[in-house]
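S.K.: Got a sequence here, can you model it:
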Amino acid sequence: MAVTGQKMAKPSMSIDHLIAKVDEINRQYHDFNELHLSVDELGRLIRVNYKNEGDFEVSLTGWLDMGQVGTYLQNYQRMFCLDPNRLDHFFDMDDATEIIPISWLRPTRKRPMGIANGFTKMRQAYQGSIPRRNPISIRPNAEEKDLFDIIDGNSTYFVAKQIGMMSLPVVL
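M.R.: Here you go, the predicted model:
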């Protein structure tokens, strides 16, 4: 996350929480835009910008004080980001579904195109424009007790980690 501005010294402690919020938003809203903060010359006002797919930076707001930026980012996140705690928005779960910590899972492959498609599918499922995703299919890991290999859902696993999910629905 870059903070840009003319003659900008080290960011103050009051800006750190805004930077952390922008980083969180950029992790959760991975598909299109990347948010950035610009600080005015006096370090008092902040503008929220984004870079689009063409790497063009565009202002989303005018110059705002920190409180206004905090409110703007909170509203932006509510509108555009995926809530990693709402597994029911992503996955079709039933009585056979277990919820386990993501740290217990081990991917068996990693396909960059599958992960990129996974972000799109997860967003569409979350928004209700396609059916929810199936739970991750797993099997016990042969070498490490209490860990599981992912049979089907490797890309979903990587997307879930990226947006901050701490657990995933699975079927053994």
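S.K.: Give me the buried positions along stretch 99-109.
M.R.: By neighbour count with 16 or more other Cβ atoms under 10 Å, stretch 99-109 contains the buried residues 100, 102, 105. C-beta coordinates here come from the backbone N, C-alpha and C atoms, glycine included.
S.K.: ditto for stretch 47-57
M.R.: 47-50.
S.K.: Need the worst-confidence member of the residues you listed.
M.R.: Ranked by pLDDT, these bottom out at Tyr50 (85).
S.K.: contacting residues around that residue?
M.R.: 33-36, 57-58, 60 (Cβ atoms under 8 Å, 6 or more residues apart in numbering).
S.K.: and it, which of the three is it?
M.R.: strand (DSSP: H, G, I helix; E, B strand; the rest coil).
S.K.: ok, the spatially most central residue of the chain - contacts?
M.R.: Residue closest to the average C-alpha location in the chain (Cα atoms, centre = their mean): Gln28, at 1.7 Å. When contacts are counted by Cβ under 8 Å, 6+ apart, Gln28 touches 77, 81-82, 84, 163-164.
S.K.: now the residues you listed as CSV including secondary structure?
M.R.: Compiled in CSV, these are given as follows (three-state DSSP):
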residue, secondary structure
Gln77, helix
Cys81, coil
Leu82, coil
Pro84, coil
Ile163, helix
Gly164, coil
